[in-house]
Every structure is written in C-alpha cells, then in structure tokens.
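1. compute the structure for the input listed below.
(chains A, B, C and D)
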2 protein chains.
Amino acid sequence: MSPYDPSAFPPFAVTVDLVVLTVRRHALCALVVRRGEPPFQGRWALPGGFVRGDEDLAAAAARELAEETGLCAHDPASPALGNGAHLEQLATYGDPKRDPRMRVVSVAHLVLAPDLPAPRAGGDANSARWAPVEDLLGQENGFGREGEQPAPLAFDHARILADGVERARSKIEYSSLATAFCPPEFTVGELRRVYEAVWGVALDPRNFHRKVTGTPGFLVPAGGTTTRQGGRPAQLFRAGGATLLNPPMLRPEV
Amino acid sequence: MSPYDPSAFPPFAVTVDLVVLTVRRHALCALVVRRGEPPFQGRWALPGGFVRGDEDLAAAAARELAEETGLCAHDPASPALGNGAHLEQLATYGDPKRDPRMRVVSVAHLVLAPDLPAPRAGGDANSARWAPVEDLLGQENGFGREGEQPAPLAFDHARILADGVERARSKIEYSSLATAFCPPEFTVGELRRVYEAVWGVALDPRNFHRKVTGTPGFLVPAGGTTTRQGGRPAQLFRAGGATLLNPPMLRPEV
DNA sequence: CCAAAAGTGTTCTGAGTACACCCATGG
DNA sequence: CCATGGGTGTACTCAGAACACTTTTGG
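-> Predicted structure coming up:
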C-alpha cells in the first residue's frame, strides 16, 4: 500500500479542544461554551475547533484560545508568557463514535490562566462562561453544593476535562506551574490559595511559606507589598526561573 | 461553517507511531524498523502505521504492535497483561511539514516490554531490531561508546523517541511500571537492574531491597527462588496490585 | 576457600508536620 | 483595641543515605 494512494488511508477531521482552567473565588473553574447547533445543541462543551491545513497543533490551540478568550498563550516549550497563560498538549481522543457526524480525532490541550475579568463570547461560540469543575464533573468531594446538577458536557468532554484537571493537580506538585494561575505579581498567600483550590485541601500557611520561599529560583521578590488580602502587608513575588520543584510540594492525603 | 460540509475542514491522515522500550544487556533499547521506501529509505524509524477508519487509537497501536513484534498489549486503562507489555498514549505530533508527502498527524504510543528473544520482521517492515536508545539519540551521558554514530531516525522520530524515554524515566519513579520491563516472575535484583538501566545510574542494592519489599502491594512473593543471577538464591516476586508508588523511588542526582 | 549476589541492622541527617509565637495593617 | 492575614522559631518524626555485616549459593 503506497502512502501516496489516497484510498490507502481514511481521511480524518482533526480538531483541538481546550481545557482552560483558572481559579475564581477559591474554586477551580473551567471555560465552557454553549453549543449553538446539533448535536448536543444547547449543552455546554469545551471550546475548540478544526485544525487548519497548514497549521501546527499548538498553533491551532493558541489561535482557538485567542478567539474564545482573548488570552495570548505561547509555545508548549516555554511555559508562561504574555498575559500569563500556560499551554501544553494534554492527550488525543479518537474513539470512532465520539462524534456522531464523522470521524474526528481531537487533540486536547490544557491551558492554565490567571483569573480573568469575564470570558468574551467570540467567534462561533454562542456564549461562554467559567464553571466550577466540581459542578461540571459531579461532586467528587463531599463538600460540593447539592441540588444544581447541570447537564453533562457534550461529546466526551467530561472525560477530557477530568483528564485535564488531573494533569493540573498532579503537575503543580512537582513544578512551578501553579504560578500560571496567578497574576504577574502575587503574594505567598495567594499562591497558597491556588494550591488549596486546585487540590481542594487546606495547607498550613506557615510551612507553605517556608517551602516556597526556601526553594531557590521558585519565587523572586518583586519589591513591593500589598494588603489586598487584608492583614499585615505581604511581599509581592514573581515566578522565578525554576520550573521544576524538587523536592515536590506534598499533597495531603484525602 | 457547518461541520457537515467537507470543505469546512481539511482532511488529515492519522497514524500511530510506537516507542517500544525494553531492557537488554543492562541497556535501555528501543524497537526500530528499516524503511523500505522513500522518504528516508534505508533509514531506521519507529514502527507505526495508519489508523483504520473504524478503529480506536489504542486499538490501532495494539494492532501495529502485534504485527511488528507479536507482542500482545492491552488497553491503556489496564496496564500490563498478556505477555506483559504496557501500552499508553504518549503524545501527538502534527507539524505540517513532518511528512514531506502529505499532512499526517501521528499519535505516538509508549510500550514497555520485557526482554524478548528477537524482533520478528513482519508485515510491511523490511527488518526490525533493538537498538540502545543511547545510540539512537546520541550519547546523552558521557559513558557511551564513541565512534559508531548511526544515521538519525527518520521524520521527527528522534524527538518522539526522546519524549517516550523521558516519560518512561519519570514514570517509573512514582509507579510500579518498571515491572513491565521484567518477566512475570523476577527478583529484586533484576528489578533494580531495570531502574539502573533506564536511569543510567547505580543504586544501593540494600536500600533498594528495603524500599521495594517494604512498599505494601508493590511486590508479592511468587514462592520460589532462583540463582540465575549467581550468588545466593533470590526470592521470586510478581508485580503486586499497587500501581502507584508512594513515596516515590528517588532518582539520584546526575 | 573465595567470589558474588542476597538480605538485615544501625546510624546519621534532611525535610515535612504541628504548633507556639510575634508582626503589621485596616477598621 | 482587635480581627486578620503575614512571617519566624522550634521540637518531633519519618524516611532516605551510607555502610558494616551476615547468608547462601557456584566454582
């Protein structure tokens, strides 16, 4: 079978889907858009779209991200830049029946973004919003609010979202990725609240402070202080050059 | 743009490429096949092939693996079974120019296999062999043998192989995946030599023994002993049910 | 007897945990 | 003055690192 023969291989549609995570009001939230057409019309879905014929996968993900949120993300090789979003490839989903219309292989990407004012519904998306992942996936932990159980996400997007959340949860253990959820300058307490929101646990503020300030290259002082969280003024930091956290931040047992 | 309109999205070819790793003669080795046709004719490449129209990605990877090696791997969800191979999705490579003939998106998979007699060249592959990853990627460590620098792998396969090796190296830290490199029954020393080959370091045999036998569910005694490594008879073990290793095995600093 | 690998015991030390305590601000 | 969060000091504990030592085979 010659590779030049188009009948030797079936044609696929290739898309990118985005798991865009942020921390809002002490909860881990994901960006979802409402579908304006069948299938799954009216249901929430992850943002995404077709990869163009001459476009790299990461470029397609960055383009879709910009179209849907105005965020400017960057190459997977170099993490956080621009207005701070981190983008990396997550996994690829290619079940033959995942889209009832045709054979679609979707390369999911994970984006970690600082808290943004409000998603702007742009392009082909009817409307967009931030939703707590706990609501989107069903209450994994016991302490979720009861009652409002929204319709499940379209396609296999609940699975993709769950994989993205799991990736984010494990990756902040051994990397400085949690800073991607923070504004350019942040306090140790704000960074701690990111960990607490993503992991759904409480951390000891004193030991956390020692751990992150004692790891060389993790945080660099930005010079100023802030009282935006109340209490005693806190030093402001920027993310340092170190991307790997060794020894890792230990996630308390559940 | 309606998704039903075939002109709305460009058609892609979708393939799976396999990073098949094993440990032979105290070295980490990868399975490579010689290309019988252009482009890159005569060069070594990773095994792989087109995904069929009604086939899941993992199924395509398992099929290609069986065609090339006779190995029987299994679903990514459940790790090692059959004759012991572990298969998981690695990453997806979709640079528009990665294949000069056409637009190909390749979903790479990682396979960890115990030492096999010899690869059987099957199907569309001219010939196949195990090659030390150190030779295929250029000597990362100083202690590689000099001189014989083979031609680089075809396409972007060196990058894919490097990503697969890196995944394997990091994943055996915190999982029981290293047992996938071992036969069904193995000794603690054999398992230690797997770690040493994959990481390229020397580990303290005494502390390693305590660590793996002291982690509940990691190893279960198989009952017998063997002297196939010489010296005092060693207990035989099987891989236990535990898949996560906590606390992780610590990789010594380079 | 000796080499080689398996396995056990013991000491030292680095890092996480828990928690008492002080600091600096806003209201 | 006091509530709130920021930050430091310290004792306890656990697990990895290093290494002396014993065990059991093959040659």
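2. what strand or helix carries A:Leu191?
-> Using DSSP states H and E, A:Leu191 falls within helix A:188-199.
3. model confidence over that helix, on average?
-> Average pLDDT, helix A:188-199: 98.
4. shaky segments in the stretch 151-254 of chain A?
-> A:254 (pLDDT under 70).
5. can stretch A:209-225 be said to contact chain B?
-> No: contact between stretch A:209-225 and chain B is absent, the nearest approach being 14.7 Å (criterion: Cβ under 8 Å from any Cβ of the partner chain). Every residue, glycine included, has its C-beta placed from N, CA and C.
6. buried stuff in the helix or strand following the helix holding A:Leu191?
-> Downstream of helix A:188-199, the first helix or strand assigned by DSSP H and E is helix A:205-214. Using 16 or more other Cβ atoms under 10 Å in any protein chain shown as the burial criterion, the residues of helix A:205-214 that qualify are A:208-209, A:211-212.
7. contacts for stretch A:151-159?
-> A:17, A:32, A:35, A:39-40, A:43-46, A:93, A:95, A:98-99, A:136-137, A:161 (Cβ atoms under 8 Å, 6 or more residues apart in numbering or on different chains).
8. any idea how far it is from the chain center?
-> 16 Å (Cα atoms, centre = their mean, to the nearest Å).
9. could you tell me whether A:Arg169 really is in a strand?
-> No: applying DSSP: H, G, I helix; E, B strand; the rest coil, one finds A:Arg169 to be helix, outside a strand.
10. which stretches in chain A count as helices?
-> Secondary structure of chain A by DSSP state H: the helices cover A:57-69, A:133-137, A:157-174, A:188-199, A:205-214.
11. nearest to B:Leu57, of these?
-> B:Leu57 lies closest to helix A:157-174 among the helices of chain A, at 13.7 Å (Cβ to Cβ).
12. the closest one vs helix B:157-174, what angle?
-> 70 degrees (axes from the mean of the first three to the mean of the last three Cα atoms, to 10 degrees).
13. quick revisit: make a ChimeraX selection of the buried ones in the contacts of stretch A:151-159.
-> Of those, the buried ones can be selected in ChimeraX as follows, counting by 16+ other Cβ under 10 Å:
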select /A:17,32,35,40,43,44,45,46,93,95,98,99,136,137,161
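14. closest one of the contacts of stretch A:151-159 to chain B?
-> Of all the contacts of stretch A:151-159, the one with the least separation from chain B (Cβ to the nearest Cβ) is A:Asp95, at 5.6 Å.
15. ok so, going back, out of the helices of chain A, flag the one nearest B:Met249.
-> With Cβ to Cβ, the closest approach to B:Met249 among the helices of chain A belongs to helix A:157-174: 14.0 Å.
16. rewinding a little: contacting DNA strand D as well, which ones from the buried residues of helix A:205-214?
-> Near DNA strand D, judged by Cβ under 7 Å from any atom of the strand, the entries from the buried residues of helix A:205-214 are A:His209.
17. between the buried residues of helix A:205-214, which is closest to DNA strand D?
-> Distance to DNA strand D across the buried residues of helix A:205-214 (Cβ to the nearest atom of the strand) is lowest for A:His209, with 4.9 Å.
18. who in chain A is up against chain B?
-> Proximity of chain A to chain B, by Cβ under 8 Å from any Cβ, involves residues A:1, A:3-4, A:8-14, A:37, A:50-57, A:89, A:91-92, A:94-96, A:101-103, A:105, A:107, A:124.
19. of those, buried ones?
-> Neighbour counting over the residues of chain A next to chain B (16+ other Cβ under 10 Å) leaves A:3, A:9-14, A:50-51, A:55-57, A:89, A:91-92, A:94-96, A:103, A:105, A:107 as the buried ones.
20. partners of the residue nearest the centre of chain A in the sheet?
-> Nearest residue to the geometric centre of chain A (Cα atoms, centre = their mean): A:Leu21, 3.0 Å. Beta-bridge partners of A:Leu21, counted by DSSP bridges, are A:Ala30, A:Leu112.
21. who are the contact partners of it?
-> Residues in contact with A:Leu21 (Cβ under 8 Å, 6+ apart) are A:28-31, A:110-113, A:133, A:164-165, A:168, A:181.
22. any idea how far it is from DNA strand C?
-> Distance from A:Leu21 to DNA strand C, counting by Cβ to the nearest atom of the strand, to the nearest Å: 24 Å.
23. and that residue, how far is that from DNA strand D?
-> 22 Å.
24. need the pLDDT of that residue.
-> 97.
25. could you export the helices of chain A as a markdown table, including distance to B:Leu244?
-> Output for these, formatted as a markdown table (distance: least, Cβ to Cβ, whole Å):
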| stretch | distance to B:Leu244 |
| --- | --- |
| helix A:57-69 | 30 |
| helix A:133-137 | 21 |
| helix A:157-174 | 11 |
| helix A:188-199 | 16 |
| helix A:205-214 | 23 |
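26. deepest-packed of the ones you listed, please.
-> Highest mean neighbour count among those (mean count of other Cβ atoms under 10 Å in any protein chain shown): helix A:57-69, with a mean of 22.
27. measure how far it is from the centre of its chain, please.
-> That offset, for helix A:57-69, works out to 13 Å (Cα atoms, centre = their mean).
28. what's that helix packed up against?
-> strand A:13-24, strand A:27-34, strand A:48-50, strand A:86-93, strand A:104-112 (3 or more Cβ pairs under 8 Å, 6 or more residues apart in numbering or on different chains; DSSP states H and E).
29. neighbouring strands - and their directions - for the fourth one?
-> Using DSSP bridges, the strands paired with strand A:86-93 are strand A:104-112 (antiparallel).
30. now do the partner strand and helix A:188-199, the angle between them.
-> Strand A:104-112 runs at 150 degrees relative to helix A:188-199, counting by the same axes, to 10 degrees.
31. what is the mean pLDDT for strand A:104-112?
-> 97.
32. ok, the residue nearest to A:Val20 when sequence neighbours are not counted to A:Asp17 distance?
-> The shortest distance from A:Val20 to any non-neighbouring residue, by Cβ to Cβ, 6 or more residues apart in numbering or on different chains, is to A:Leu31 (3.9 Å). Applying Cβ to Cβ, to the nearest Å, the value for A:Leu31 to A:Asp17 is 11 Å.
33. intersection of neighbour lists for these two?
-> By Cβ under 8 Å, 6+ apart, A:Leu31 and A:Asp17 have these common neighbours: A:46-47.
34. mind putting the buried residues of helix A:205-214 into CSV with distance to B:Leu219?
-> Output for those, formatted as CSV (distance: Cβ to Cβ, whole Å):
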residue, distance to B:Leu219
A:Phe208, 35
A:His209, 39
A:Lys211, 32
A:Val212, 36
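35. what is the nearest of the buried residues of helix A:205-214 to DNA strand C?
-> Nearest to DNA strand C among these is A:Lys211, at 5.4 Å by Cβ to the nearest atom of the strand.
36. contacts only, for that closest one.
-> A:Met249.
37. show me which residues of chain A sit near DNA strand C.
-> So chain A meets DNA strand C at A:204, A:206-207, A:210-211, A:227, A:230-233, A:247, A:250, A:252 (Cβ under 7 Å from any atom of the strand).
38. so what's the residue in the stretch 1-150 of chain A positioned nearest to DNA strand D up against?
-> Closest contact between the stretch 1-150 of chain A and DNA strand D, by Cβ to the nearest atom of the strand, is at A:His26 (11.0 Å). Shown in contact with A:His26 (Cβ under 8 Å, 6+ apart): A:193, A:196-197.
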